[in-house]
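Visitor: Here's my sequence, what's the structure:
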Amino acid sequence: MAATPETPAAAAPAAAARRKTGRHRGEGQWAVGHHTPLNGNEQFKKDDDGLNVRTRIETIYSKSGFDSIDPNDLRGRMRWWGLYTQRKPGIDGGKTAILEPEELDDKYFMLRVRIDGGRLTTEQLRVIGEISQEFARGTADLTDRQNVQYHWIRIEDVPEIWRRLEAVGLSTTEACGDTPRVILGSPVAGIAQDEIIDGTPAIDEIQRRIVGNPAFSNLPRKFKSAVSGSPLLDVAHEINDVAFVGVNHPEHGPGFDVWVGGGLSTNPKLGVRLGTWVSLDEVPDVYEGVISVFRDYGYRRLRTRARLKFLVADWGPAKFRQVLEDEYLKRQLTDGPAPEQPSGQWRDHVGVHQQQDGRFYVGFAPRVGRVDGATLTKIADVAAQHGSGRLRTTAEQKMIVLDIEADQVDSLVAALEALDLRVNPSPFRRGTMACTGIEFCKLAIVETKARGASLIDELERRLPDFAEPLTININGCPNACARIQVADIGLKGQLVLDDDGNQVEGYQVHLGGALGLEAGFGRKVRGLKVTSAGLPDYVERVVKQYEEQREDGERFAAWVARADEKSLS
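Guide: Coordinates of the predicted model:
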């Protein structure tokens, strides 16, 4: 007779499985007593706090050169100060997953400057531009997290770069690593006419308490956050670990709705509401509570499950809120309303807009966030000539000049347009975003920035009359730094076969993703992949199908949801 679960033949393996489960070391959660490092990343963090590597960079590595850097510092702790090794030139995308890290590493670094809330002065921007020209071969990209990234940085130059940045109030502290990354903020906080509440004081207090604090410098993974009181919902709150979204409470007035557990990459999840209303003064305490829950209860056994989104998915928002209140805040939070629908179709603040004080702010679009040091210094000069010296970066790879008098607007717009920085861009220039790609990123499989820039030019030439909002997000690998799952057209880089059977650069296509209160992930059409060379043809074709089939006022994502696969292919 065959063994059944009741027979001794099956009982022994089952008992062994139970014993094995009982010996399991758990998910590495500190709060339940699992302090033994369960992987190499946890071990090097336990061995030495990443914040301590700065001293070695300044006193040893910058003097002895790249080859003197300890591997655990090189590919680990140096991220705590915004430094990643960049990709060695000439390595094609097919080698990305095959080569060892030391084979992919170039002897140069990407360096990320964190810009909390996207706030800059013209003096700061000029210094950023000068550093780019002197130390980074002119490179400087605006990111979708309001930062600026350099490439070609030598370890010998890092102390001097830090000195210059810090002299004007900028930093690279915890711009990368398993740390509290840059705090996104509405780029028009405190100046927009339609603002619900200005979150700037909360960002300042969070930064003061958290950034560079050893109590929060060893998290399970990176921690992304956002604070915005804009009705445009302009900080992609749905895909942050914690986000504070401006709302009006019927009794308590303006404050913030709290979201937790968002994130993309290869296992995307949208954030969930805790159902609470917090005042401006409460935001730093709640932020500290949420990041503490992550530090103590976050999963540390597997890097692939170490983001807060996995804990939130397992617990649910009710338990997360209860733990936050009972163990960390020691009080109950106030129940509150959800945000209202976004007040505009675009969330990037591009164009000319009047401020609360009667002056104007002017937002402009470079191509896919790609600028350079010379351009940044020119932007600083133009902004200083026309405004008060204040600028902002956005979460959409854009930039804004603040405080423009009415009689200076036209002159500023003309000066920006002369730099190929569009104040009234086409939907393709405005809506196309790209990550770093294979040019510098060790994880990338395909090129992105140049492909995005050329795609914009082609679509503007082929579809000059198209005027609907459309987002095209291009990523060099599956990790979704460019948010491919929440774009109208999301393009995930991979190697594909062309018509002749040759392996070439291309993209898997996601269609109909969106952020906003109707946020959702893009639809994959079975087998739909395009070559890099064939990308303009494909996008032109699907946009024309949309134009022919759309109903009055129908957005691209809504059309995708009901379109047949033939129309999308």
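Visitor: How about the contacts made by residue 559?
Guide: Shown here is residue 559, whose contacts under the criterion Cβ atoms under 8 Å, 6 or more residues apart in numbering are 512, 546, 549, 550, 551. All C-beta spots, glycine's among them, are computed from the backbone N, C-alpha and C.
Visitor: Tell me the one of those residues nearest residue 214?
Guide: Set against residue 214, the nearest of the contacts of residue 559 by Cβ to Cβ is residue 512 (43.8 Å).
Visitor: contacting residues around residue 428?
Guide: 455, 456, 459, 460, 463, 466, 470, 472.
Visitor: Please pick the buried ones from the contacts of residue 559.
Guide: Buried members of those, counted by 16 or more other Cβ atoms under 10 Å: 512, 546.
Visitor: returning to what we had before: the contacts of residue 428: which two are farthest apart?
Guide: Greatest spacing in the contacts of residue 428, by Cβ to Cβ: 455 and 466 (13.5 Å).
Visitor: and the contacts of residue 559 as a markdown table, adding pLDDT, secondary structure and distance to residue 304?
Guide: Shown next, in a markdown table, are the contacts of residue 559 (pLDDT from 0 to 100; DSSP: H, G, I helix; E, B strand; the rest coil; distance: Cβ to Cβ, whole Å):
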| residue | pLDDT | secondary structure | distance to residue 304 |
| --- | --- | --- | --- |
| 512 | 96 | coil | 26 |
| 546 | 98 | helix | 36 |
| 549 | 97 | helix | 39 |
| 550 | 96 | coil | 39 |
| 551 | 95 | coil | 41 |
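Visitor: could you dump the contacts of residue 559 to a markdown table with distance to residue 346?
Guide: Shown next, in a markdown table, are the contacts of residue 559 (distance: Cβ to Cβ, whole Å):
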| residue | distance to residue 346 |
| --- | --- |
| 512 | 17 |
| 546 | 17 |
| 549 | 23 |
| 550 | 18 |
| 551 | 21 |
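Visitor: circling back: so which of the contacts of residue 428 belong to helices?
Guide: Residues of these located in helices (DSSP state H): 455, 456, 459, 460.
Visitor: Can you tell me how far the second one is from residue 194?
Guide: Computed with Cβ to Cβ, to the nearest Å, the distance linking residue 456 and residue 194 is 29 Å.
Visitor: The two: which has the busier surroundings?
Guide: Between residue 456 and residue 194, counted using other Cβ atoms under 10 Å, the more crowded position is residue 456 (24 against 13).
Visitor: Let me see the contact set for that one.
Guide: Taking Cβ under 8 Å, 6+ apart as the contact definition, residue 456 lies against 367, 368, 426, 428, 429, 432.
Visitor: are any of the residues you listed buried, and which?
Guide: Neighbour-count burial (16+ other Cβ under 10 Å) applied to the contacts of residue 456 gives 367, 368, 426, 428, 429, 432.
Visitor: Make sure the second one is actually in contact with residue 433.
Guide: Yes: taking contact to mean Cβ atoms under 8 Å, the distance of 6.2 Å between residue 368 and residue 433 places them in contact.
Visitor: tell me, what's touching those two both at once?
Guide: The overlap between the contact sets of residue 368 and residue 433 (Cβ under 8 Å, 6+ apart) consists of 397, 452, 474.
Visitor: is it fair to say the last one lies in a strand?
Guide: Which is residue 474. Yes: assignment of residue 474 by DSSP: H, G, I helix; E, B strand; the rest coil places it within a strand.
Visitor: That one bridge partners, please.
Guide: Residue 474 forms beta bridges with residue 434, residue 491, as assigned by DSSP bridges.
Visitor: Tell me how many other residues surround it.
Guide: Burial of residue 474 is recorded as 28 neighbouring residues (other Cβ under 10 Å).
Visitor: Kindly provide the distance from it to residue 447.
Guide: 9 Å.
Visitor: before we move on, the earlier item: could I get the shared contacts of residue 368 and residue 433 as JSON lines with distance to residue 279?
Guide: Formatted as JSON lines, the shared contacts of residue 368 and residue 433 follow (distance: Cβ to Cβ, whole Å):
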{"residue": "397", "distance to residue 279": "32"}
{"residue": "452", "distance to residue 279": "41"}
{"residue": "474", "distance to residue 279": "40"}
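Visitor: nearest to residue 145, of these?
Guide: Using Cβ to Cβ, residue 397 comes nearest to residue 145 of the shared contacts of residue 368 and residue 433, at 9.5 Å.
Visitor: thought the closest one was touching residue 142?
Guide: Yes: judged on Cβ under 8 Å, residue 397 makes contact with residue 142 at a distance of 4.9 Å.
Visitor: quick one: low-confidence parts of the chain?
Guide: The model of the chain has pLDDT under 70 over residues 1-25, 517.
Visitor: How is the residue nearest the centre of it classified with respect to secondary structure?
Guide: For the chain, residue 145 is the residue whose C-alpha lies nearest the centre (Cα atoms, centre = their mean; 4.6 Å). Using three-state DSSP, the three-state assignment for residue 145 comes out as coil.
Visitor: before we move on, back to that, buried ones among the ones in helices among the contacts of residue 428?
Guide: Buried members of these, counted by 16+ other Cβ under 10 Å: 455, 456, 459.
Visitor: Count the residues that sit near residue 46.
Guide: With other Cβ under 10 Å as criterion, residue 46 counts 12.
Visitor: I meant to write residue 526 there.
Guide: For residue 526, the count of nearby residues is 6 (other Cβ under 10 Å).
Visitor: Give me the helices and strands touching the one helix or strand it maps to, please.
Guide: Secondary-structure assignment from DSSP states H and E places residue 526 in strand 523-531. Contacts defined by 3 or more Cβ pairs under 8 Å, 6 or more residues apart in numbering; DSSP states H and E place strand 523-531 against strand 489-497, strand 503-511, helix 565-568.
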